[in-house]
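J.: sequence unknown, structure follows:
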C-alpha cells in the first residue's frame with residue numbers, strides 16, 4: 001500500500017484467514033488519492 005503512486009489502485013491478493021485484519025493509516029487512505037479494492041479468488045469468472 002505504501003509503495004503505490006498517488007493515483008494507483010492497491011489490490012490485496014490471496015484469501016485471508018477468517019480472523020485476519022488489515023490496519024492502514026486512514027490519513028494515507030483518504031489523503032493520498034488512489035483506491036483500495038478487494039479481490040476474492042481473483043474475482044475470476046470461469047464461464048468467460
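T.: All right, it came through fine. None of the values given here were measured: they were computed from a predicted structure.

J.: only C-alpha atoms for contact and neighbour calcs from this point on.
T.: Will do.

J.: where do the helices sit along this protein?
T.: 26-31 (DSSP state H).

J.: how far away is the most centrally placed residue in the chain from residue 24?
T.: Nearest residue to the geometric centre of the chain (CA atoms, centre = their mean): residue 11, 3.4 Å. Separation of residue 11 from residue 24 (CA to CA, to the nearest Å): 14 Å.

J.: Was I right to think the residue nearest to the centre of the chain contacts residue 40?
T.: No. The criterion here is CA atoms under 8 Å, and residue 11 misses it with residue 40 at 10.2 Å.

J.: re the thing from before, who's in contact with the residue nearest to the centre of the chain?
T.: Residue 11 is in contact with 36-39, counting by CA atoms under 8 Å, 6 or more residues apart in numbering.

J.: Number of residues surrounding residue 10?
T.: By other CA atoms under 10 Å, the residues close to residue 10 number 16.

J.: And for residue 31?
T.: Counted with other CA under 10 Å, residue 31 comes out at 10.

J.: So for it, what pLDDT did the model give?
T.: As summarised for this prediction, residue 31 has a pLDDT of 76.

J.: swap in residue 19?
T.: 93.

J.: and if you look at residue 42?
T.: 67.

J.: try the one 3 residues further on
T.: Reported pLDDT at residue 45 in the predicted model: 68.

J.: do residue 48 as well
T.: 67.

J.: Residue 6 too?
T.: For residue 6, the predicted pLDDT is 72.

J.: Which of the contacts of residue 11 fall in strands?
T.: residue 36 (DSSP state E).
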